[in-house]
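Asker: Sequence first, predicted model second:
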Amino acid sequence: MSVLTHQERAVRRAPEVAGRTPLRPRRPEVRRPPTRARVVAGRRPGPVTACPRRVAPRWPWLAVIGVAIALAVTGLGVFAGSFAPAVPDRTATVAVEPGETMWDLARQYAPGSDTGAVVDRIEELNHLSAESVVPGLLLTVPVESGSVITGS
């Protein structure tokens with residue numbers, strides 16, 4: 001394998017003019033990678049255009065933008081959470097029917113409220129978990145003022 005270090009160029013000779021010496025032929029130019037600056041006598045090398053200088057990121061601005069996004073997401077969450085209807089304060093004692101779950105009771109007696117929040121309130125009022133519901137058990141359930149209470 002051979003490596004070419006010089007590029008041979010055809011030498012053009014200027015026509016000889018009477019009284020002048022002929023121009024000397026140019027030396028072949030050394031091949032350089034395109035990213036390397038060309039050194040010219042008497043001039044300082046300028047910036048290399050093939051490899052632009054990387055600009056450092058502006059960390060303070062990135063931090064400010066991150067905090068602003070976090071505040072916006074938090075604000076939207078709080079704003080969206082304020083629209084959920086609250087769990088009713090009024091309660092009633094209800095007997096559990098066969099095949100009925102706490103979710104069914106929450107939907108039946110507090111239909112305008114968040115069902116998950118009503119189920120949590122039922123568990124809190126009766127000091128039990130969702131698995132311990134059996135038919136005939138008396139439960140204290142939050143009730144909306146407009147809902148009709150059937151049963152006991």
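Answerer: Everything's here; your move. Numbering: from 1, shown residues only.

Asker: in this protein, which ranges drop under the pLDDT threshold?
Answerer: Applying pLDDT under 70 to the chain picks out residues 1-24, 32-53, 81-84, 130, 146-152.

Asker: Can you show me the helices along it?
Answerer: Taking DSSP state H as the test, the helices found in the chain are 59-81, 102-109, 115-126.

Asker: what sits up against the shortest one?
Answerer: Read it as helix 102-109. If you take Cβ atoms under 8 Å, 6 or more residues apart in numbering as the criterion, helix 102-109 is touched by 92, 94, 96, 113, 115, 118-119, 122-123, 130, 133, 139, 141-144, 147, 149. Where you see a C-beta, it was placed from the backbone N, CA and C, and this is true even at glycine.

Asker: Now restrict these to buried residues only.
Answerer: The neighbour count (16 or more other Cβ atoms under 10 Å) marks 94, 96, 113, 118-119, 122-123, 133, 139, 141-144 as buried among the contacts of helix 102-109.

Asker: Show me which of those is closest to P85.
Answerer: Comparing those against P85 with Cβ to Cβ places S113 closest, at 4.8 Å.

Asker: was I right about that closest one contacting V87?
Answerer: Yes - using Cβ atoms under 8 Å, S113 is in contact with V87, at 5.4 Å.

Asker: what residues are shared contacts of the two?
Answerer: Overlap of the contact sets of S113 and V87 (by Cβ under 8 Å, 6+ apart) consists of P142.
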